[in-house]
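Participant: got a predicted structure plus its sequence, pasted below:
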Amino acid sequence: YTDYTAAYPETYGPPVTVTISWSFSENESESSVFLRSRAVGESGWHTVDAIQSDELFYKASFDVLPNLEYEYQVVSKGAMTRSSDIDYVPSDLYRPQPLTMEFSSYTNTNNDIISAYEAAFSFPANQPDYFKAT
């Protein structure tokens, strides 16, 4: 089980805090659980201690920049060290999706100079409210 949420700031700009929640089917009682994250292509990991929310449920938060792709890995370190596969953070959580042009029209003069232009755009269906213009 994995779930994603994001907390958006009041104004557009980096960073955006992403929280990843997960559960284990089993885990050692004395193990240390943490999440490693990094921008795709970087060699070093940023490590965040996980917060235990229930017996086998954990979550961890980290900041991302909208112009980068991110990957993460869950690690449990006890008598044995176990880790998840490296997975990608869905970028639609922290990156605005492009607008779709619905139509455009223009009026031109006899000299082929555009005298008026009109266009209508729409947001993608899954666009978070944070990214919507008013």
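Facilitator: That came through, no problem.
Participant: now Arg95. Its backbone dihedrals?
Facilitator: Backbone torsions for Arg95, taken as degrees, to the nearest 10, come to phi -120, psi 130.
Participant: my read is that it contacts Leu68, right?
Facilitator: No: if you go by CB atoms under 8 Å, Arg95 and Leu68 don't touch, sitting 9.1 Å apart. Bear in mind the C-beta positions are built from the backbone N, C-alpha and C, glycine included.
Participant: where's Met101, which helix or strand?
Facilitator: strand 100-108 (DSSP states H and E).
Participant: in its sheet, what does that strand sit against?
Facilitator: Under the criterion DSSP bridges, strand 100-108 sits next to strand 114-122 (antiparallel) in its sheet.
Participant: residues making contact with the partner strand?
Facilitator: Residues from elsewhere that reach strand 114-122, judged by CB atoms under 8 Å, 6 or more residues apart in numbering: Leu99, Thr100, Met101, Glu102, Phe103, Ser104, Ser105, Tyr106, Thr107, Asn108, Thr109.
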